[in-house]
Structures are given as structure tokens and as C-alpha cells.
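Participant: Compute the structure for the input listed below.
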Amino acid sequence: MVLSCVLVAMIFLGANNQPTWWIEFAWDANTENDIAGYYIYYKKGNQVEYEYLGKTTKDKTDCIVAKLEPLIDHHFAVSAFDTGGLESELSKDLIFRPGISGDGDSGCFISLIKYKLF
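Facilitator: You can find the predicted model right below:
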């Protein structure tokens with residue numbers, strides 16, 4: 001299974017014309033028969049530990065995360081879990097850093113490297 005970014009990192013103007021960033025990423029489905037779904041984890045900046053962000057069913061292999069702060073690294077990882085409750089190791093980081101360049105143009109950094117979960 002591979003975690004990759006289907007980058008849809010967007011900026012739009014929210015309340016008070018402040019920019020709001022979001023990202024959509026996806027991963028290859030696990031082909032084992034007993035897969036129940038996927039857990040999504042998140043950490044911000046220099047946090048050491050991931051926080052649980054949510055889960056999906058086995059048929060949903062993408063995630064949208066909104067309201068990301070600009071100029072901070074946002075790290076995402078995914079694991080698979082089966083019907084018996086066993087969980088795979090976390091994937092490596094998918095890193096997204098939304099930001100605004102000095103000239104007012106929008107810009108961002110994202111790691112587009114694909115990682116194997118198993």
C-alpha cells in the first residue's frame with residue numbers, strides 16, 4: 001500500500017478575507033481480504049507524537065483536511081486496520097507547508113514522495 005499526495009492544496013478566502021488552506025491526499029488500497037479501514041494521523045510543526053485525526057472505511061482511500069495554519073509543517077500518516085483490530089505500522093510523513101510568499105503570491109511546499117505502508 002502506498003501513501004501519496006493527490007495534491008489539492010488550495011487557498012481560498014474565508015471570513016474577513018483571511019486565507020484558508022486545505023489538502024486532499026490519497027493512498028493505494030490494501031488488498032488483504034480482512035481489511036476494515038484506515039486510520040489517519042496528524043502532527044503539526046515539531047510535535048513528536050502523532051494525534052489521531054479520524055478513520056475511513058476500507059473503500060475510502062482519501063482524506064481532506066481543512067483549516068491548516070500557514071507557514072507551519074503539517075504531517076500526515078495513515079495505517080490500515082483489519083477486522084480483528086490489528087493495525088499496521090504508520091506510513092512515513094506526508095508533509096505540507098502552506099504559506100504566503102513575500103510578494104503576496106500563494107505558495108506551498110509538499111513532499112510528493114510515495115511511501116509503502118507494509
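Participant: partners of G99 in the sheet?
Facilitator: On the basis of DSSP bridges, G99 is bridged to G107.
Participant: In three-state terms, label the closest residue to Y50 other than its chain neighbours for me.
Facilitator: Of all residues not flanking Y50 in the chain, Y41 sits nearest, at 3.8 Å (CB to CB, 6 or more residues apart in numbering). Backbone N, C-alpha and C define where each C-beta goes, glycine included. Assigned with DSSP: H, G, I helix; E, B strand; the rest coil, Y41 falls in the strand class.
Participant: Now do Y41, the pLDDT please.
Facilitator: pLDDT recorded at Y41 is 95.
Participant: what's near enough to touch it?
Facilitator: Contact analysis of Y41 by CB atoms under 8 Å, 6 or more residues apart in numbering lists 50-53, 76-79, 90.
Participant: one more time with 10 Å, if that's ok
Facilitator: Applying CB atoms under 10 Å, 6 or more residues apart in numbering, we find Y41 in contact with 49-54, 75-79, 90-91, 93.
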